[in-house]
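Student: here is a sequence together with a model predicted from it:
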Amino acid sequence: MFGKNKPVKIRGNSGHRKYGVAAKDVKELLKKGCKLLQLPLSGARVCLYEDGTIVTDEFFPTLLDNTELVLLSKEQTWTGVVCDIGKLLNTDRHADRLIEAATGLLSDEKSSKGRKILTDLLQNLKDTSDLESREEDEDWFNGVEARFKTKSAYMRYNCESRIRGYMKEVDDATRNVQKAKVKVEFLKTSSSLLEMLKTARYNGSYFDRTDKEPNRLCTPQGWFTCQGSFDQEVCRSLHSINPYGSRESRILFSTWNLDHRIEKKRAIVPALVNSLQNHKSTDVNLKYFYQLLFTRENLKLVHIVCHKKGAHNLLCDTKKIFKTPSNAGKAKPKPKVKKRRLI
């Protein structure tokens, strides 16, 4: 079984240079490899470069000639080709060469999975999220109105536009209100909500990476993470995107949704209209409806795949629809008793 020398390619854990070595068994391979790479023989082992499988005496004869192997010292580990990918992506030194290589591979790649991996790799390698102004990154602003001079300003506007759209849907609901008195109160309510939005600058800070942490939904670099569908705590697919990184990512981000957990059209607006049937706008808890319609209290940022369009079947909290009376919970004052005058 042993005796015939098998040629293999061997390399170390940290270097990329490969050496040709011929050995009749693992023991001889380790001896030659450790001497070549100047590693201690005690505790050394050899594994497949591709997936990190340890090469044993029984496995060694089955290897194809010139199989690429990794020589490891006692404390070192190797989980496969992903180790090299991680090292490459953790430095900017090879970015240009990686882009060139990935572009070349993509043109010949037939596998749909391979094309997906290469496309995602190229998208992240061409990241320009560290640039902010139009002058620095003209390609990112391609198709964006000239009035926007920075990425953050445009992203803030992008969020404002979505929130304005929600406000317009509230206004449009006025047409469906039949009773004149209710319509008047609904218009007053809508006007008050609009003023609250203006004060908050339409919550555009959610997409603005330059804003303070409690106000934004992204990292200071511009990374957004999917928060999962309305009925989940987190996104199980770990979707993430940086629309500040490239024009393509900016456009793809437009497919992400600010989804209402308690639905706007099916639950919130109908509850608001219904609350005004026998009450005035001043009786309604506007802060509660404002939070449901326009804030992170009820909004979740979700990837299009995590956006479930079916009925959520979540209702407004009836205890919060109306303002709490100022005298609620207080004991009623005792009636004054007239004192009788003594004669």
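Tutor: Noted; the coordinates are in hand. Numbering: from 1, shown residues only.
Student: chain neighbours aside, what residue packs nearest to the residue positioned nearest the centre of the chain?
Tutor: Closest residue to the average C-alpha location of the chain: residue 225 at 1.4 Å, with Cα atoms, centre = their mean. Closest residue in space to residue 225, ignoring its immediate chain neighbours: residue 240 at 4.8 Å, by Cβ to Cβ, 6 or more residues apart in numbering. In short, each C-beta sits where N, CA and C put it, glycine included.
Student: okay, strands next: where are they in the stretch 1-150 of the chain?
Tutor: 6-12, 19-23, 45-48, 67-72 (DSSP state E, counting those that start in this stretch).
Student: buried ones in the shortest one?
Tutor: It stands for strand 45-48. Buried residues in strand 45-48, counting neighbours by 16 or more other Cβ atoms under 10 Å, are found at 45-48.
Student: in CSV: those, plus distance to residue 146 and pLDDT.
Tutor: Listed next are the buried residues of strand 45-48 as CSV, based on distance: Cβ to Cβ, whole Å; pLDDT from 0 to 100:
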residue, distance to residue 146, pLDDT
45, 62, 94
46, 60, 95
47, 56, 92
48, 55, 90
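Student: below-threshold pLDDT in the protein: ranges please.
Tutor: 1-3, 81-126, 325-343 (pLDDT under 70).
Student: domain boundaries for it, per the record?
Tutor: Domains of the chain are assigned by automatic domain parsing as 6-84, 91-125, 151-306.
Student: which one of those is the most hemmed in?
Tutor: Of all the domains of the chain, domain 151-306 has the most neighbours on average by mean count of other Cβ atoms under 10 Å, namely a mean of 17.
Student: endpoints of that domain, how far apart?
Tutor: Distance across domain 151-306, first residue to last, is 26 Å (Cα to Cα, to the nearest Å).
Student: contacts for the longest helix along the chain?
Tutor: For the chain, the helix with the greatest residue count under DSSP state H is helix 151-172. Helix 151-172 is contacted from outside by 131-133, 137, 140-141, 144, 148, 190, 193-194, 197, 201-211, 222, 243-244, 254, 258, 264-265, 269, 272, 293-294, using Cβ atoms under 8 Å, 6 or more residues apart in numbering.
Student: 7 Å instead, please
Tutor: By Cβ atoms under 7 Å, 6 or more residues apart in numbering, the residues outside helix 151-172 that reach it are 132, 140, 144, 148, 190, 193-194, 197, 202-210, 243-244, 258, 264-265, 269, 293-294.
Student: can you redo the strands of the stretch 1-150 of the chain as CSV with distance to residue 186?
Tutor: CSV is the format used below for the strands of the stretch 1-150 of the chain (distance: least, Cβ to Cβ, whole Å):
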stretch, distance to residue 186
strand 6-12, 72
strand 19-23, 79
strand 45-48, 69
strand 67-72, 70
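Student: burial of residue 313, as a residue count?
Tutor: 11 (other Cβ atoms under 10 Å).
Student: quick one: secondary structure of it?
Tutor: At residue 313 the chain is in coil, as set by DSSP: H, G, I helix; E, B strand; the rest coil.
Student: quick check: end-to-end length of stretch 239-247?
Tutor: 18 Å.
Student: list the contacts of it.
Tutor: Outside of stretch 239-247, the residues within contact range by Cβ under 7 Å, 6+ apart are 123, 126-129, 139-140, 142, 151, 155, 209, 221-226, 249-250, 252-253, 303, 306.
Student: just the ones in helices from the residues you listed, please.
Tutor: Using DSSP H, the contacts of stretch 239-247 in helices are 123, 151, 155, 249-250, 252-253.
Student: what is the nearest of the residues you listed to residue 41?
Tutor: Using Cβ to Cβ, residue 123 comes nearest to residue 41 of these, at 44.6 Å.
Student: any idea how far residue 238 lies from residue 38?
Tutor: Look at residue 238 and residue 38: by Cβ to Cβ, to the nearest Å, they are 41 Å apart.
Student: repeat that for residue 275.
Tutor: Distance from residue 275 to residue 38, by Cβ to Cβ: 79 Å.
Student: now the helices for the stretch 151-300 of the chain?
Tutor: For the stretch 151-300 of the chain, the helices defined by DSSP state H, counting those that start in this stretch occupy 151-172, 180-199, 247-253, 269-275, 286-294.
Student: got JSON lines for those, with distance to residue 9 too?
Tutor: Listed next are the helices of the stretch 151-300 of the chain as JSON lines, based on distance: least, Cβ to Cβ, whole Å:
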{"stretch": "helix 151-172", "distance to residue 9": "46"}
{"stretch": "helix 180-199", "distance to residue 9": "64"}
{"stretch": "helix 247-253", "distance to residue 9": "38"}
{"stretch": "helix 269-275", "distance to residue 9": "67"}
{"stretch": "helix 286-294", "distance to residue 9": "61"}
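Student: of those helices, which is nearest residue 69?
Tutor: That would be helix 247-253 among the helices of the stretch 151-300 of the chain, by Cβ to Cβ, at 38.5 Å.
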